[in-house]
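Novice: Let's see this in three dimensions:
(one chain, ligands or ions: 1)
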Amino acid sequence: MATLAIKNLAIGDLKNIELEVAAGEIVCLSGTSGSGKSRLLRAIADLDLHSGSVQLGDTRQSDVPGHRWRRAVMLIPAESAWWHDTVGEHFSETSDETLQQLGLEADAFTWPVTRLSSGEKQRLALARALSHKPAALLLDEPTANLDKDSTERVEAWLRDIIRQQQLPTLWVAHHEDQIARVADRHFHIVDNGIKEQEMTQ
Ligand SMILES: Nc1ncnc2c1ncn2[C@@H]1O[C@H](COP(=O)(O)OP(=O)(O)OP(=O)(O)O)[C@@H](O)[C@H]1O
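Specialist: Purely as a prediction, here's the structure:
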């Protein structure tokens, strides 16, 4: 169980970002379009050049090769990549229970990638990422392509895993109602920094 600690991070227009996300905690991040939410997640995942420090428990980002860091601190981008012909080829471990929990059909692992809708892709990308057993999660609008029922199903599934596996989670979200449902704390990008918001019940 580890805390994700971000200290004095700067990337693009964002400066002096300080944030600690505790084990099992969901911190939502919002901000206007282009304010730097995705870039901040990419910096924490060590995908883009940035200054400052990021640490997961005792492990410093700067002490670990990028690919190993990203196995632990897993970024799930808004648009997922699919490079094999079928869904199942992207998974080393498959679970019918996960498909069911995400509202996907039982034979989805046999589907060609070309038939996936954007919502199916989004849910399968989450299942794929979580199957690698990350230690922290960076979620970039994980329900952007989903209808209301699927959104709430995915939220519940993610919340259970985050709590059970005690994953510190930074979750980019636009909608106040979603933030109220999932967040323990909420920060908004203001004046090139992040500002904590009062939580609505
Ligand atoms: N690699 C890069 N180099 C320079 N500027 C970039 C780079 N990637 C993104 N930007 C710019 O940084 C700004 C923030 O981009 P980012 O994708 O983080 O926004 P966002 O808050 O996630 O927006 P949205 O809600 O629209 O997805 C944008 O102006 C974007 O054009």
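Novice: I would like the residues contacting the worst-scoring helix or strand of the chain on mean pLDDT, please.
Specialist: Taking mean pLDDT, DSSP states H and E as the measure, the helices and strands of the chain show their lowest mean at helix 96-101, namely a mean of 89. Residues from elsewhere that reach helix 96-101, judged by CB atoms under 8 Å, 6 or more residues apart in numbering: 105, 106, 108, 109, 127, 130, 131, 153, 157. Where C-beta positions appear, they are placed from N, C-alpha and C, glycine not excepted.
Novice: now with 7 Å?
Specialist: With contact meaning CB atoms under 7 Å, 6 or more residues apart in numbering, helix 96-101 is reached by 106, 108, 127, 157.
Novice: out of everything not next to it in sequence, what's closest to the first one?
Specialist: So that's residue 106. residue 96 (5.8 Å; CB to CB, 6 or more residues apart in numbering).
Novice: Please list all residues in contact with the closest residue to residue 38 other than its chain neighbours.
Specialist: The shortest distance from residue 38 to any non-neighbouring residue, by CB to CB, 6+ apart, is to residue 140 (5.6 Å). For residue 140, the contacting residues are 38, 41, 76, 77, 78, 172, by CB under 7 Å, 6+ apart.
Novice: Now stretch 98-115 - C-alpha only, PDB.
Specialist: Backbone C-alpha positions of stretch 98-115 (Å, rounded to 0.1, in the frame of the first residue of the first chain) are rendered in PDB as follows:
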ATOM      1  CA  THR A  98     -14.600  -9.100 -15.600                       C
ATOM      2  CA  LEU A  99     -16.500  -8.900 -18.900                       C
ATOM      3  CA  GLN A 100     -19.700  -9.500 -17.100                       C
ATOM      4  CA  GLN A 101     -19.000  -6.900 -14.500                       C
ATOM      5  CA  LEU A 102     -18.200  -4.400 -17.300                       C
ATOM      6  CA  GLY A 103     -21.500  -5.200 -19.200                       C
ATOM      7  CA  LEU A 104     -19.600  -6.800 -22.100                       C
ATOM      8  CA  GLU A 105     -20.700 -10.000 -23.900                       C
ATOM      9  CA  ALA A 106     -19.100 -13.300 -22.800                       C
ATOM     10  CA  ASP A 107     -17.500 -13.900 -26.200                       C
ATOM     11  CA  ALA A 108     -15.900 -10.400 -26.400                       C
ATOM     12  CA  PHE A 109     -12.400 -11.900 -26.300                       C
ATOM     13  CA  THR A 110     -12.900 -13.600 -29.600                       C
ATOM     14  CA  TRP A 111     -14.100 -10.400 -31.400                       C
ATOM     15  CA  PRO A 112     -12.000  -8.800 -34.100                       C
ATOM     16  CA  VAL A 113     -10.700  -5.400 -32.900                       C
ATOM     17  CA  THR A 114     -12.300  -3.700 -35.900                       C
ATOM     18  CA  ARG A 115     -15.800  -4.400 -34.700                       C
END
